[in-house]
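Enquirer: I would like the atomic coordinates for the input below:
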Amino acid sequence: MKVRHCLLPAACLLLAALLATPVAAYDQPSVNLGFTSFLDGGPPAGPGFYFAEYIQYYTADKLADLGVPNPDLDVWVSLNQFIYQSDQKVLFGGKWGLDVIVPIVALDASPNPPLSSNDGLGDILVGPYLQWDPIMGDNGPKFMHRVELQMLLPTGKNDATVALNPGSNFFSFNPYWAGTYFFSPKLTASWRLHYLWNAENDDTQHQAGQAIHANFAAGYELMPNKLRAGVNGYYLKQVSSSEDNGVTTAGDPKEQVLGIGPGALYSFSKDTHLFFNMYFETSAENRSEGERFNVRLVHHF
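Expert: Residues are numbered from 1 along each chain as shown. I've put the predicted structure just below:
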């Protein structure tokens, strides 16, 4: 979800609620903050087709550095994810796959104005990737990982007369490396490390700065092949300046946020898995700060 550039005060910053992680931001597009967590380094059931449904609720009453008095933001996001994992090695032993995510966003914000909102289709994500087979140890897998070249396409609903929009109205390239390390069959650590590059918005001649962001999780198996629980989190840091018509945006605002909280993974079978994640944000700069609640159901056909 994206907020229209220069509709709000405070140096005409963008305000956006992110599709893949519905967070209100002032400049950056929709990215994955907290949607993925435990055992992220590999598919749970090998090659084939997967479908995942994500439902996330985000709420915030603080818009750091924006200057809107007593804001109240509520965002519901449904992500519909389609994955195909092949069994064909194509490069350095990696097996090719394709990831497609279609988001639907619902927004409620006050005061209105200036935080008038729009609902609808968000920016579609397309990501070809390479998945490597697990590196095995004496007692099972030790390490598994994947590289994906994600692209965010400006397909989302975007209305110049409305502050909050589901779509960003510009293209973004958001590749990542995800991995899971098994300290033991029960104890694991997972991560997903992203780089974010944004193209210029042709309507506003604004270009959001580059950023890095990451998801991370540590989990312990409480019930064999059934239940894992632990800590999950995310972090985003903008590392270069945003620009308007090729000139650094007034005030040179850069975004930052940290979210952390508890989570769990319940496996109904090797083909069906349910994730629960909670995140409480802190250390926000030039973006919203709130709480996020995520449920994800994954099924392998």
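Enquirer: wouldn't Ala52 be in contact with Leu297 here?
Expert: Yes - with contact defined as CB atoms under 8 Å, Ala52 reaches Leu297; the gap is 6.6 Å. Placement of C-beta: from N, CA and C, glycine included.
Enquirer: Tell me which of these two has more neighbours.
Expert: Between Ala52 and Leu297, counted using other CB atoms under 10 Å, Ala52 has the larger neighbour count: 20 against 14.
Enquirer: Relative to Ile212, how far out is the more buried one?
Expert: Going from Ala52 to Ile212 by CB to CB, to the nearest Å gives 24 Å.
Enquirer: now Val126
Expert: 21 Å.
Enquirer: Ok, Ser288 next?
Expert: 19 Å.
Enquirer: neighbour-wise, which of these two wins?
Expert: Using other CB under 10 Å as the criterion, Ser288 and Ile212 rank with Ser288 on top: 27 against 13.
Enquirer: Show me the beta-bridge partners of the more buried one.
Expert: Legend: beta-bridge partners of Ser288 under DSSP bridges are Leu63.
Enquirer: how about the protein, which residue sits the furthest from its center?
Expert: Most distant residue from the mean C-alpha position of the chain: Asp138, 34.5 Å away (CA atoms, centre = their mean).
Enquirer: Model confidence score at it, please.
Expert: Model confidence at Asp138, expressed as pLDDT, equals 91.
Enquirer: Then Leu164?
Expert: pLDDT, read off for Leu164, is 77.
Enquirer: okay, now it: neighbour count?
Expert: By other CB under 10 Å, neighbour count at Leu164 equals 27.
Enquirer: For Asn80, give me its contacts.
Expert: Applying CB atoms under 8 Å, 6 or more residues apart in numbering, we find Asn80 in contact with 51, 53, 101-104.
Enquirer: Point me to the helix or strand that includes it.
Expert: strand 72-91 (DSSP states H and E).
Enquirer: how near is the most centrally placed residue in the chain to Lys62?
Expert: Most central in the chain under CA atoms, centre = their mean is Asn32, positioned 0.9 Å from the mean C-alpha point. Asn32 sits at a distance of 22 Å from Lys62 (criterion: CB to CB).
Enquirer: Go ahead and confirm Phe293 touches Tyr57.
Expert: Yes - counting by CB under 8 Å, Phe293 touches Tyr57, with 4.8 Å between them.
Enquirer: In the stretch 51-200 of the chain, where is pLDDT below threshold?
Expert: Low-confidence segments of the stretch 51-200 of the chain, defined by pLDDT under 70: 112-117.
Enquirer: Now Ala60: closest residue in space that isn't a chain neighbour?
Expert: Closest residue in space to Ala60, ignoring its immediate chain neighbours: Gly290 at 2.8 Å, by CB to CB, 6 or more residues apart in numbering.
Enquirer: ok, now Gly259?
Expert: With CB to CB, 6+ apart as the criterion, Gly259 has its nearest non-adjacent residue at 3.7 Å, and that residue is Tyr279.
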